[in-house]
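>>> test case, fold it:
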Amino acid sequence: MAHDYSPLVSIITPTFNQERYIGDCIESVLRQTYPHWEQIVIDDGSTDGTVRAITKCGDPRVRCIQQEHQGVYELGRTYNRALNLARGELIAILEGDDFWPEHKLSTLVPAFIHAEVVLSYGDTLDVSAGGEEQQRMTRTARLRKSLPHSVLFNDPIGAATRYMLLAEGTGLVSPCTVLMRRVPLEAIGGFQYVEGLPLTDYPTFLELSLKGKFFYEERVMGYRRRHSHSVTVGFIDDISRGARTFSHVFIHKHRGEIGLTEAEVERIHESWSASEYLAHFSGGRSLLLREEWALARECFSKALNPRYPFVFLAALVGYLFSWLHLDIERLMRLVGRADLREREAKSSSSA
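Numbers count the residues shown, from 1 in each chain. As a prediction, the model looks like this:
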């Protein structure tokens, strides 16, 4: 790392009732080999021991801000509250149930020596509630391996935008790996709030893709914990629907700037239609864990489309298991996916 470039990194960590995980999250920040950081933990009205676990770390660089419960549909406003409190030139996201490898900041910070870079990111590894690493590469990671340099690095500016507008492109930039330059983030109005969308990362990264280049590191830069109470598991239908709506609004607003052809717009619309079946399967899987058997069957029924064989077979199994009042997590684990069941979490900070 260049010794004359060591900007302060402000790490924004929203958390709610994550007593079991927040310790690993903070410990992974404390273990960073890059020392110039602050962590702003926004506790969204937790009712368990989350706040005690935060304050236990005793490091003055970790600040705990408590607020009345706002919920996941207000995440954009929660993030912007933390942004207003942040002092750093660079902004990172690390949700309270996720964690980092110790070299994450020292690897990604140097990319911002280049003024045209607005965002840096890397690969993500999914882990179970107990911290066990998923053996099979995620679909997003597999797709990322086949993408050209121009998309991964958004060079020229807008190259990544086209891909991110596709349903399969929404996960190009994983929030638990990202670093952003503060000035362009504030120039787009901060973290984007989209009504009805229980996340802020996708619309924010999409807007930033028109402001500068990206830097991509192919190594794992973040660990995403998958469990039944995570936002991406419990709100998959609303996430899919909201992201699709936002992508269409974004196209209408920026189509001329991006230079999309009619064929490209049609391809984008088709990709979102196909993604609905995977979202229905994921929703059914979550409902099985909550023992909402009838609703799970309804979700799995919507995912039964022979055009997508893997999703079709998985949804068929889920449908059958809903009648048996069983979840499918053991089977998902056998095929290399993270087990979503909430079990005793083991320490993951050494990962």
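>>> D237 touches A279, doesn't it?
Yes - proximity of D237 to A279 meets the contact threshold set by CB atoms under 8 Å, at 5.9 Å. From N, CA and C alone the C-beta is placed, and that goes for glycine too.
>>> buried sites along stretch 59-68?
Under the neighbour-count criterion of 16 or more other CB atoms under 10 Å, stretch 59-68 has 62-64 buried.
>>> just stretch 284-293 next, same as before
Quick answer for stretch 284-293 (16+ other CB under 10 Å): 284-289, 293.
>>> distance from the chain centre to stretch 230-250, please.
12 Å (CA atoms, centre = their mean, to the nearest Å).
>>> brain fart, stretch 175-185
The answer for stretch 175-185 is 13 Å, by CA atoms, centre = their mean.
>>> roughly how far apart are P198 and R337?
Plainly put, P198 is 22 Å away from R337 if you go by CB to CB, to the nearest Å.
>>> output the below-cut-off pLDDT ranges for the protein.
Applying pLDDT under 70 to the chain flags residues 1-3, 228, 232-234, 342-351.
>>> domain parsing for it?
By the assignment in automatic domain parsing, the chain contains the domains 9-234, 240-334.
>>> so can I have JSON lines of the ones you listed showing distance to R341?
Listed next are these as JSON lines, based on distance: least, CB to CB, whole Å:
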{"stretch": "domain 9-234", "distance to R341": "7"}
{"stretch": "domain 240-334", "distance to R341": "5"}
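>>> winner for burial among those domains?
Among the domains of the chain, the stretch with the highest mean neighbour count (mean count of other CB atoms under 10 Å) is domain 9-234, at a mean of 19.
>>> now for the helix or strand hosting L119, which elements pack on it?
Per DSSP states H and E: L119 is located in strand 117-127. Packed against strand 117-127, as judged by 3 or more CB pairs under 8 Å, 6 or more residues apart in numbering; DSSP states H and E, are the following elements: helix 104-108, helix 139-145, strand 179-181, helix 201-208, strand 213-225.
>>> residues contacting the fourth one, please?
Outside helix 201-208, the residues that touch it by CB atoms under 8 Å, 6 or more residues apart in numbering are 93, 118-119, 161, 164-165, 170, 172-173, 175, 178, 180, 184-185, 188, 191-192, 194, 197, 243, 246-247, 250.
>>> and those, which of them are in strands?
Among the contacts of helix 201-208, the members falling in strands (DSSP state E) are 93, 118-119, 180.
>>> turn those residues into a markdown table, including distance to P110.
A markdown table is the format used below for the ones in strands among the contacts of helix 201-208 (distance: CB to CB, whole Å):
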| residue | distance to P110 |
| --- | --- |
| I93 | 19 |
| V118 | 15 |
| L119 | 14 |
| M180 | 15 |
